[in-house]
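J.: one predicted model, sequence on top.
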Amino acid sequence: MQNEASTIKVKISPEVYKALKSFQSTNSFSVEYGGIIVGYYDATENTYVVTDITWPQKNDIQAKYRFVRKDPAHQSIMDVLWEKSERVKSYLGEWHSHREKRPSPSWIDKSGWKKKAKEQRNYDISFFIIVGMEEIRCWYTNGKDITQININN
């Protein structure tokens, strides 16, 4: 019998992956960055595909060890992507940066992720990416458990 972790797959589009790697190589990590993850579920490949992300907006809170998405512009961007994709692209989760080589979620991250996952209505699970100074890591949650998964790109 397969466990759930082995059946959940996420793929990041080359454009998004390149943007995150570029951010990683040029950023000082003096403050945290973040935004939402947008994409869709590809049933033929049994894979969630990340097609877009948002970047920090004017009213977001960025501090050395904290990013809080506050700006309504993220939702506006999501709405445009949803419409342009003929209602295919949807909210998949959140991303933010950490000033760590190999990032891991803090208890604040985990608590927030579980809360966000319960708000999420498009899919039963939500994804969370942390961009570290050397690695980009991904987790998902169904609102209860948090599981790290590999990123395919």
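T.: That came in fine, so what should we check first?
J.: contacts and neighbour counts: CA atoms only from here.
T.: OK.
J.: wait, doesn't Glu134 sit right on Ser97?
T.: No. The pair Glu134 and Ser97 does not pass the contact test of C-alpha atoms under 8 Å, sitting 11.0 Å apart.
J.: more neighbours: those two, which one.
T.: Ser97 (24 against 14; other C-alpha atoms under 10 Å).
J.: quick one, phi psi at the nearest residue to the more buried one once chain neighbours are set aside?
T.: Leaving out its chain neighbours, the residue that sits closest to Ser97 by C-alpha to C-alpha, 6 or more residues apart in numbering is Val131, at 4.5 Å. Val131 adopts backbone torsions of phi -90, psi 110, taken as degrees, to the nearest 10.
J.: give me the distance between Val131 and Trp107.
T.: Distance of Val131 to Trp107, computed by C-alpha to C-alpha, to the nearest Å: 17 Å.
J.: those two: who's more crowded?
T.: Ranked by neighbour count (other C-alpha under 10 Å), Val131 and Trp107 place Val131 first, with 28 against 9.
J.: surely that one is in contact with Pro105?
T.: No. Contact criterion C-alpha under 8 Å: Val131 and Pro105 do not qualify, at 10.7 Å.
J.: after the lowest-mean-pLDDT helix or strand in the chain, heading C-terminal, what element do we hit next?
T.: Taking mean pLDDT, DSSP states H and E as the measure, the chain has helix 4-7 as its least confident helix or strand, at a mean of 59. Next along the chain after helix 4-7, taking DSSP states H and E as the criterion, comes strand 10-12.
J.: touching that following strand from outside, list them.
T.: Strand 10-12 is contacted from outside by 47-51, 149-153, using C-alpha atoms under 8 Å, 6 or more residues apart in numbering.
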